[in-house]
Structures are given as structure tokens and as C-alpha cells.
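1. can't give you the sequence, but here's the structure:
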Ligand code: APR
Ligand code: PHB
């Protein structure tokens, strides 16, 4: 079998790329190792930058997002037992974000691709990507009990952090930059209406907490916990008590979360990771296959979308004119934005969490930085611009 663009992985990166290519008249095949139900249920973040929401609309996958998604015009920061709102539109010249779960984005893109698109194969595990330096790279995969080969003009590795495509970039030219963090997140989904209108990010003496939402009736909440925490050691009651303690402020002592049945509970590690370059020969990496950010700031899905928007434009230019100019610029174009998001995610993470080894001096520095964001429109604008997403060219 041969296709123009072979895509490894049906996460948001692979699926959005397939849609953008379809709309540009370029054929593709998507190979996904898991089954459809697994991919559609994997819990991830749920905050879309304006450029990501626009790309989903342009891909024809914006209708349900526009009906059910929740536009948010700010976030709340809590620290020192006080609350401060960061207003996005006034600080960024009108930008906002959309709260809409990644699981829903993935469902919408899969439905569209299966109805009007090239092949999207589930239970198709890619074992290797070969011939990056040749004119016709090949993807080897296992499907329906047989080893099969897909030859392509280009291969795009959208296969996430544990994928195989990045191994097509020889170790001699590949550099990995990485940082791990001395804490994790315990994330829950609860059938409880959010009592907060916007996302709440809390720095507290007891550690970080985040209140997000999935709908008017479902809350998504996170607590900083030590690495290696077993979620079974956190009863529902203990989780709710700890959340209330970390969000507590002196200005509104009665503020409490609305409690409800906890339907999912998991511990997520925190990591920063970048692979350079993001392209070798005819193999390109996009999304988590090339970079991971810690979830504070919710940049993962947005970076994945930005990569494939840049890539789809580059492939469209190549298809129209034969020029590889934008393909040749792909890695540098994306890495500029990736490193900005890496810095922002690192900043949000290290400013809001309590490192178990942190001194009282370092806690004072965190609080001083947060005070600065609360007091200075310039400092707040820097946060708001990064949070809502820098323009794609950056
Ligand atoms: N063969 C086929 N598919 C594979 C293989 C393989 N060898 N290895 C991994 N995959 C699939 C995974 O099963 C997964 O469905 O690749 C897909 C990668 O999807 P994601 O991990 O969701 O990555 P990406 O599409 O880049 O989306 C980035 O995901 O982790 C979050 O925060 C991140 O929101 C961001 C988004
Ligand atoms: C989420 O809704 O899951 C979410 C939102 C914002 C973040 C991280 C996660 O920074």
C-alpha cells in the first residue's frame, strides 16, 4: 500500500493533521495502535487556545465545541490566602480560551475522519519507520495478525511520548532535553457542578491545587501529591478536604467546593521533554512525539495543534508547487514556539508547586513573583499572552 502522507498515531495531532490534509486534497493513512474506545476515553487536559479552536473549526470539527464548549475570559490565581483574577481580553487585545475536553476533540475528529476521510486504522501497531533518508520512507505495522508495509512520500510521527517514529531520527543527530519534577498530580473527575466560573490555580502551604471543569455538572480537579503516590491511598473524603484546604482564602472563608461522586482518579507524572530536530529527511515529528510539557498551563494539546497546522501548510505548499521551503523550515518554526511553551509551563509549574526540598527563601520568591503578577498589568499581560497562546508565527 502507498499513500502521500503516512501518519503514526490517532491522538489529537495525528487526527487534526489528517483532517487538514484531507481539506487540502492530500491523501493520508492514519495508523493507531489502540482501539477506538480506548483512544476516545483517555483523560487529558481540556483547555483550547483560540488558535486551536479556530483550527478545529477550519477542519470542520468545531460545531459541537461551539455548542458545548465553555469560553473562558480569565483565570483565578490563589496564593497567600487571597484570590486574584487575570482578565485575558483586556490584557491580550481580546483573546480568550475555550474549555472543551480533549476526549471530546478526539471523538469529533474520529467521527469526521471515518465519515469523510482517508483510512484510519485502529489496532494497527507500528513497529518501525524506515528509510527517512530515502525518497519513499516505509512504515511497518501489525494489523489483523499480519505484518504490513505502507510506503509514503512523507511519514509523520504523531505517536506520543512512547512512540516509535522518533527512532527514525538517528541517535547521532538527535538531542533530548529533559527535566522531571519532584511531584505529581492526583486528578479526579467528579459528578459535581463547578462552583467557580473560571479555572482556579492555587499556591498554598499544603501544595498546589487546580479546579477545572468538563461541563456545568462535571468538575475536573487536581492536587499536587508526592511522586509514586498510590491513588488508592486517597479516599474521596480526604481528596475533597484537601482541595478545600488548599483553595481556602481569608476573603471568602465560606468558599467550599460542591462535592459529588468521584468517577475517575489517577496520578499523573510531570515532565518537560524536547527532541531536536523535529524532522529528519522525510520523517517529521509532531505533538507529544517531539515534546512534553507539565500540564500546568495546559499547553500539550495546543502545541500539538500548532505543529500540525504548520506542517499541513508546508505539505500543501509542497503539493501545489513542489517547493520544500516550508517543510525545510518546519523544525525551526515549531521549536521556537515549543521552547516558549516549555518555558511558560515550567514557570507556571515551579511558581505554583511546593518542591519538597524547597527552602523558606524559595517560597518567598514564589510569593513575590505571584504578587508581581497580581499587581502589575505588564506581568499579568505576560502570563495572559502565554496562557491564551502566542500567534502561530512565533
Ligand atoms: N503505533 C501506532 N500508534 C501508536 C504507537 C505505535 N507504535 N505508539 C503510540 N501510538 C498512538 C497512541 O496510542 C496514541 O493514540 O499514538 C497516539 C499519540 O497520541 P497522544 O499521546 O494523544 O499525543 P498527541 O496526538 O501528540 O497529542 C498531544 O496529548 O498527552 C497529551 O498533553 C498532551 O494534550 C496533549 C496531547
Ligand atoms: C484540565 O481541564 O484538565 C486542565 C486545565 C488546565 C490545566 C491543566 C488541566 O492547566
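-> Perfect, I can see it now. All figures in this text were calculated on a predicted structure; none of them were measured in a lab. Ligands and ions are numbered 1, 2, ... in the order given.
2. up against ligand 1, what does the stretch 101-250 of the chain have?
-> Contact residues, the stretch 101-250 of the chain versus ligand 1 (Cβ under 6 Å from any ligand atom): 102, 125, 126, 158, 159, 160, 162, 163, 164. Just so you know, the C-beta spots here come from the backbone N, C-alpha and C atoms, and that holds for glycine as well.
3. show me those residues that map onto strands.
-> 125, 126 (DSSP state E).
4. which of the residues of the stretch 101-250 of the chain next to ligand 1 has the most neighbours?
-> residue 158 (32 neighbours; other Cβ atoms under 10 Å).
5. can I assume that one is in contact with residue 14?
-> Yes: in this structure, residue 158 is within contact of residue 14 by Cβ atoms under 8 Å, at 3.4 Å.
6. in space, not sequence, find me the middle residue of the protein.
-> Centroid-nearest residue in the chain: residue 300, 2.0 Å away (criterion: Cα atoms, centre = their mean).
7. wait, isn't it in contact with residue 293?
-> Yes: counting by Cβ under 8 Å, residue 300 touches residue 293, with 5.6 Å between them.
8. neighbours of residue 199, just the number please.
-> Neighbourhood size, residue 199 [other Cβ under 10 Å]: 22.
9. beta partners for it?
-> According to DSSP bridges, the residues that bridge with residue 199 are residue 75.
10. I'd like to know how far it sits from ligand 1.
-> Separation of residue 199 from ligand 1 (Cβ to the nearest ligand atom, to the nearest Å): 16 Å.
11. do the same with residue 251
-> 33 Å.
12. before we move on, what about residue 216?
-> 23 Å.
13. for that residue, what are its contacts?
-> Contacts of residue 216 were listed using Cβ atoms under 8 Å, 6 or more residues apart in numbering, and they are 193, 194.
14. could you look up the SS state of it?
-> Three-state assignment for residue 216 (DSSP: H, G, I helix; E, B strand; the rest coil): coil.
15. picking up where we left off before, and for residue 158 and residue 14, which residues touch both?
-> Common neighbours of residue 158 and residue 14, counting by Cβ under 8 Å, 6+ apart, are 7, 8, 286, 287.
16. let me have the residues you listed in TSV, extended by secondary structure and neighbour count.
-> Shown next, in TSV, are the shared contacts of residue 158 and residue 14 (DSSP: H, G, I helix; E, B strand; the rest coil; neighbours: other Cβ atoms under 10 Å):
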residue	secondary structure	neighbour count
7	strand	31
8	strand	32
286	coil	35
287	helix	29
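17. what about the helices in the stretch 101-250 of the chain?
-> 102-115, 236-247 (DSSP state H, counting those that start in this stretch).
18. most tightly surrounded among those helices?
-> helix 102-115 (a mean of 19; mean count of other Cβ atoms under 10 Å).
19. after the strand or helix carrying residue 53, heading C-terminal, what element do we hit next?
-> Element membership for residue 53, per DSSP states H and E: helix 50-58. Heading C-terminal from helix 50-58, the first helix or strand you meet, by DSSP H and E, is helix 63-68.
20. and for that next one, what's in contact with it?
-> For helix 63-68, the surrounding residues in contact (Cβ under 8 Å, 6+ apart) are 48, 53, 56, 57, 98, 100, 104, 105, 108, 215.
21. pretty sure the fifth one sits in a helix.
-> Meaning residue 98. No: counting by three-state DSSP, residue 98 is located in no helix; its state is strand.
22. quick one: low-confidence ranges for the stretch 251-394 of the chain?
-> 393-394 (pLDDT under 70).
23. what's residue 365 sitting at in phi/psi?
-> phi -60, psi -40 (degrees, to the nearest 10).
24. show me the domain layout of this protein.
-> 2-69+101-178+271-353, 180-269+357-386 (automatic domain parsing).
25. surely residue 89 meets residue 72?
-> No: counting by Cβ under 8 Å, residue 89 sits too far from residue 72 to count as a contact (10.6 Å).
26. ok, these two, which is more surrounded?
-> Neighbours per residue (other Cβ under 10 Å) separate residue 89 from residue 72, with residue 72 holding more: 19 against 13.
27. and that one, what does it touch?
-> Residue 72 makes contact with 47, 88, 96, 97, 98, 99, 198, 199, according to Cβ under 8 Å, 6+ apart.
28. so can I have CSV of these showing distance to ligand 2 and pLDDT?
-> Listed next are those as CSV, based on distance: Cβ to the nearest ligand atom, whole Å; pLDDT from 0 to 100:
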residue, distance to ligand 2, pLDDT
47, 4, 95
88, 14, 98
96, 14, 96
97, 9, 97
98, 11, 97
99, 7, 96
198, 11, 96
199, 6, 97
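29. what's the closest of those residues to ligand 1?
-> Comparing the contacts of residue 72 against ligand 1 with Cβ to the nearest ligand atom places residue 47 closest, at 9.5 Å.
30. so how far is ligand 2 from the closest residue to that closest one other than its chain neighbours?
-> Once flanking residues are discounted, residue 47 sits nearest to residue 298: 3.8 Å by Cβ to Cβ, 6 or more residues apart in numbering. Between residue 298 and ligand 2 the computed distance is 4 Å (Cβ to the nearest ligand atom).
31. so what's residue 298 up against?
-> 45, 46, 47.
32. neighbours around residue 129, how many?
-> Neighbour count for residue 129, taken as other Cβ under 10 Å: 28.
33. so in terms of bridging, what pairs with it?
-> Beta-bridge partners, per DSSP bridges, of residue 129: residue 139.
34. my read: it touches residue 169, true?
-> No: at 9.6 Å, residue 129 does not count as touching residue 169 under the criterion of Cβ under 8 Å.
35. which residues do those two both contact?
-> Common neighbours of residue 129 and residue 169 (criterion: Cβ under 8 Å, 6+ apart): residue 283.
36. can you tell me how far residue 116 is from residue 271?
-> According to Cβ to Cβ, to the nearest Å, residue 116 and residue 271 sit 36 Å apart.
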